[in-house]
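Asks: Sequence first, predicted model second:
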Amino acid sequence: MLHAWHLPVAPFVAQRQGRLMITIWTRGDAPPQRVILRAEEDNEEISLPMRRLRRAPAPGISAWRAAIDISRGQPRRRYSFKLLWPDRQRWFTPQGFSDFPPARLEQFAVDAPDGGPAWVADQVFYQIFPDRFARGARRMPEQDRVYYHHAAGQDIVLRGWNEPVTAEAGGSTFYGGDLDGICEKLPYLKSLGVTALYLNPVFVAPSVHKYDTEDYRRVDPQFGGDGALLRLRQHTRRAGIRMILDGVFNHSGDSHGWFDRHRRGADGASYSPDSPWRSWYSFSPEGAALDWMGYASLPKLDFRAEALIDEIYRGEQSIVRHWLKAPWSMDGWRLDVVHMLGEAGGAKNNLRHVTGITLAAKETQPEAFILGEHFGDARQWLQADAEDAAMNYRGFTFPLWGFLANTDISYDPQYIDARTCAAWMDNYRAGLSHQQQLRMFNQLDSHDTARFKTLLGRDVARLPLAVVWLFTWPGVPCIYYGDEVGLDGGNDPFCRKPFPWNAGQQDGALLALYQRMAALRHRCEALRRGGCQVIYAEDNVMVFVRVLKQHRVLVALNRGDACEVVLPDSPLLYGSTWQLREGQGALQDAVLMLPAAGACVWTNE
């Protein structure tokens, strides 16, 4: 039986003097007589004969090598391997062997040079829903002003920090978290290992979630206004913490001056056909504004309007550019429902405008991180380089939910075994370059889903497995505030509970696990930038290895009873003296002894 190994990192890939040296290892009976590297030059397929190396990387292993010229051509280098015998051929790709040539977007891909923000892969992100994280000591009485919330048809509700969240008036209930509160908790975040923040919207808006923007150029006074954001930015920069904002450009709120449903001005688009902003929205033949997903308070922006394009991203003083410039100097944007943004009340010319946002951001701040929100398949946008990365629901969160919590995004039952889970995750990764995989935004849950702890239900003992997985799978981990101390909750608004700052309400063991895993990731470059190979996936157990140069990290996840697993003979594991870094398992002579509902991490460093 023939086996092959290749990952798009060293020792299989090396850059030398304008060339990318590509190596594949093979082993087995009836080895191929020739190996061809299928590559591309300006989208045209080219075939490069591979040379068999005299020196074997390990006993019984053959190594084949060829070089790709990277002094010219597009930076995304796609390639696969064609193995030849006198009467047949096979192809090798990220998903293994095939008897026919692979699709173009299912091949190995390396960005050389990498045009994305290199800093992202080294981060541990933390997502904060500002009203529910921390209430600042300097909070002023006017920040708790009660006002009438038109979309809810009632005054907003103010609650004490320790009062329970209820389903009543979810979008209109405030607990008083603010940006100065985040500032005061930066030492806590540093102790957790956090190096980057993603904030849900902070701009002026009537709701608690702020996705109904009223003013894109001012920070909401409830959160402390522009001054509080500037203070937070100054403190995060001193602490070495990056920060990205939430950009809601698919729709505005109906209280925005451009639309002005509540007639605070004299020429809002909602009621004035002659409004300077009328073309910035779409209207039905009967004159009704087209909204987002049936929410009348969220009228869709229409990017047919050149003036709107200038205001949102293209103009030198556009909103996208404004917050990336000094004194704010933000590190990027998370783009809300960005796949729906477009023209004529829909997503027409979507890629054009998403790419326009990204290009404007990069012109302003070359290392800006542009992160798209996609619950579905994001690869269309990533393969077109319209974004740097996406929230990795489809490639990480949902398969993890299926394997550990037996549910899908619709909360319908979904029982999958380890082999199905691994195939799902590998299939999704196969459509992305190695560098894109490292920037994908991995989360267990978010403000838009139930908390993962709650999804687990009776299987809550599996929660530590998910935490280990979060920090060891390719991509940048993002902790949704409170997950690290055991905060639970169902769908919105229950997934948005105030952070329990009383230590007696926190899960100290879980917090310690998060701290250890964040520290391990910061210490181990193979976890941040290495390739990934699933080497065992059967029934309840998945085992994968992260590889970078000579460094290896072995991760084993067992959702079931205590068991022993015999690892396959793999040269990726040869010559390693393994040290257990996390968990209670044991590894001896390729036999893994795994505890029930346990996760274990070994390194060879």
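Replies: Looks like it came in fine. Bear in mind that the values here come from a model prediction, so they are computed numbers and not experimental data.
Asks: which residues of the stretch 251-400 of the chain fall in strands?
Replies: Taking DSSP state E, counting those that start in this stretch to define them, one finds strands in the stretch 251-400 of the chain at 291-292, 295-299, 332-335, 369-372, 389-390.
Asks: can you pull out the strands in the stretch 501-605 of the chain?
Replies: Counting by DSSP E, counting those that start in this stretch, the strands of the stretch 501-605 of the chain are 531-538, 541-548, 551-558, 563-566, 579-582, 586-588, 591-594, 598-603.
Asks: closest to His235 out of the ones you listed?
Replies: When the strands of the stretch 501-605 of the chain are compared by CB to CB, strand 579-582 sits nearest His235, at 31.3 Å. In this view, the C-beta of every residue, glycine as well, is placed from N, C-alpha and C.
Asks: For the most centrally placed residue in the chain, which residues are in contact?
Replies: The residue lying closest to the centre of the chain (CA atoms, centre = their mean) is Phe441, at 1.1 Å. Phe441 is in contact with 125, 371, 389-392, 475-476, 478, counting by CB atoms under 8 Å, 6 or more residues apart in numbering.
Asks: Out of these, the closest to Pro201 would be?
Replies: Among the contacts of Phe441, and counting by CB to CB, the member closest to Pro201 is Leu371, at 14.1 Å.
Asks: quick revisit: got JSON lines for the contacts of Phe441, with pLDDT and distance to Leu487 too?
Replies: Listed next are the contacts of Phe441 as JSON lines, based on pLDDT from 0 to 100; distance: CB to CB, whole Å:
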{"residue": "Phe125", "pLDDT": "99", "distance to Leu487": "17"}
{"residue": "Leu371", "pLDDT": "98", "distance to Leu487": "23"}
{"residue": "Ala389", "pLDDT": "98", "distance to Leu487": "25"}
{"residue": "Ala390", "pLDDT": "98", "distance to Leu487": "25"}
{"residue": "Met391", "pLDDT": "98", "distance to Leu487": "20"}
{"residue": "Asn392", "pLDDT": "98", "distance to Leu487": "21"}
{"residue": "Gly475", "pLDDT": "98", "distance to Leu487": "22"}
{"residue": "Val476", "pLDDT": "98", "distance to Leu487": "21"}
{"residue": "Cys478", "pLDDT": "98", "distance to Leu487": "15"}
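Asks: Could you dump the residues you listed into TSV and include neighbour count?
Replies: Below are the contacts of Phe441 laid out as TSV (neighbours: other CB atoms under 10 Å):
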residue	neighbour count
Phe125	24
Leu371	26
Ala389	28
Ala390	30
Met391	25
Asn392	27
Gly475	24
Val476	24
Cys478	25
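Asks: of all the residues you listed, which two lie farthest apart?
Replies: Farthest pair in the contacts of Phe441, by CB to CB: Phe125 and Ala390, 13.6 Å.
Asks: circling back: let me know the closest of the contacts of Phe441 to Phe544.
Replies: Closest approach to Phe544 among the contacts of Phe441 (CB to CB): Gly475, at 13.0 Å.
Asks: State whether Asp445 is indeed within a helix.
Replies: No - per DSSP: H, G, I helix; E, B strand; the rest coil, Asp445 lies outside any helix segment and is coil.
Asks: and it, what does it touch?
Replies: So Asp445 contacts 397, 451-452, 455, 480, 483, 495 (CB under 8 Å, 6+ apart).
Asks: from the residues you listed, which is closest to His235?
Replies: Tyr480 (21.7 Å).
Asks: what is the closest residue to the closest one other than its chain neighbours paired to in the beta sheet?
Replies: Spatial nearest neighbour of Tyr480, chain neighbours left out: Gln127 (4.9 Å); criterion: CB to CB, 6 or more residues apart in numbering. Taking DSSP bridges as the rule, Gln127 bridges to Tyr198, Tyr480.
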